[in-house]
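Q: Okay, here's the prediction I keep looking at, along with the sequence it came from:
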Amino acid sequence: MKEFILGGARSGKSGFAQRRALASGLQVTYLATAQAGDAEMADRIARHRAERPAGWGLVEEPLALAAALRTHAAPDRCLLVDCLTLWLSNLLAAGDHRLSTETDDLLDALPTLPGRVLLVSNEVGQGIVPANPLARRFRDEAGRLHQAVAGRCDRVTLVVAGLPLTLKDSTQNQ
């Protein structure tokens with residue numbers, strides 16, 4: 001099963017995703033997309049690391065996410081990706097060709113992955129129109145990515161103020 005978990009900054013989406021991973025009863029591998037480019041981000045990464053159970057595996061992959069998912073996905077494993085918007089930022093910095101190639105690869109890979117996959121991302125489309133071209137491009141690319149990922153996932157959950165709202169659940173029809 002593939003689940004997409006969206007929410008704003010500090011909405012509780014990562015904690016919700018971690019609880020879903022624990023509840024799966026499967027071996028969990030956390031796929032981190034963040035890079036510690038400064039001291040504040042290094043502190044955030046350290047806090048996230050400290051909040052996760054010690055027995056979870058860790059894969060750090062800022063760019064080649066689909067390849068990492070293919071490598072680590074297994075029927076008896078839950079992969080938790082946190083987060084797609086950081087990954088998108090990394091790809092925008094890497095250039096248009098890499099952005100197109102990697103996003104297409106992720107979208108192609110998702111339906112084929114065995115096991116459970118939880119994908120976390122920041123919902124950025126509900127704010128004002130950004131003032132600069134790069135921020136507008138990021139918002140637009142995130143919106144397109146989110147729509148495509150949601151279309152390929154069995155369940156989509158929006159987390160607001162720590163409360164989950166199920167937007168899609170095709171597993172209930174089975």
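A: Received, thanks. From a predicted model like this one, the values you see are computed outputs, not experimental measurements.
Q: alpha carbons only for contacts and neighbour counts from here, please
A: Fine.
Q: Lowest mean pLDDT among the helices and strands of this structure, which one is it?
A: helix 39-51 (a mean of 89; mean pLDDT, DSSP states H and E).
Q: In that helix, which residues are buried?
A: Of all the residues in helix 39-51, not one is buried under the rule 16 or more other C-alpha atoms under 10 Å.
Q: Report how many residues lie close to residue 99.
A: 20 (other C-alpha atoms under 10 Å).
Q: wait, isn't it in contact with residue 92?
A: Yes: checked against C-alpha atoms under 8 Å, the pair residue 99 and residue 92 is within contact range at 6.1 Å.
Q: ok, which stretches of the chain are strands?
A: Per DSSP state E, the chain carries strands over the ranges 2-7, 27-32, 57-60, 77-82, 116-122, 155-160, 163-169.
Q: max-length helix in this protein?
A: helix 133-152 (DSSP state H).
Q: who does it touch, helix- and strand-wise?
A: Judged by 3 or more C-alpha pairs under 8 Å, 6 or more residues apart in numbering; DSSP states H and E, helix 133-152 is in contact with strand 2-7, helix 84-94, helix 96-109.
Q: If we use 10 Å, what do you get?
A: strand 2-7, helix 84-94, helix 96-109, strand 116-122, strand 155-160, strand 163-169 (3 or more C-alpha pairs under 10 Å, 6 or more residues apart in numbering; DSSP states H and E).
Q: Adding mean pLDDT and distance to residue 128, write those out as TSV.
A: Listed next are the helices and strands packed on helix 133-152 as TSV, based on pLDDT from 0 to 100; distance: least, C-alpha to C-alpha, whole Å:
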stretch	mean pLDDT	distance to residue 128
strand 2-7	98	16
helix 84-94	96	18
helix 96-109	96	24
strand 116-122	98	15
strand 155-160	98	18
strand 163-169	97	23
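Q: Right, I'll call it a day here.
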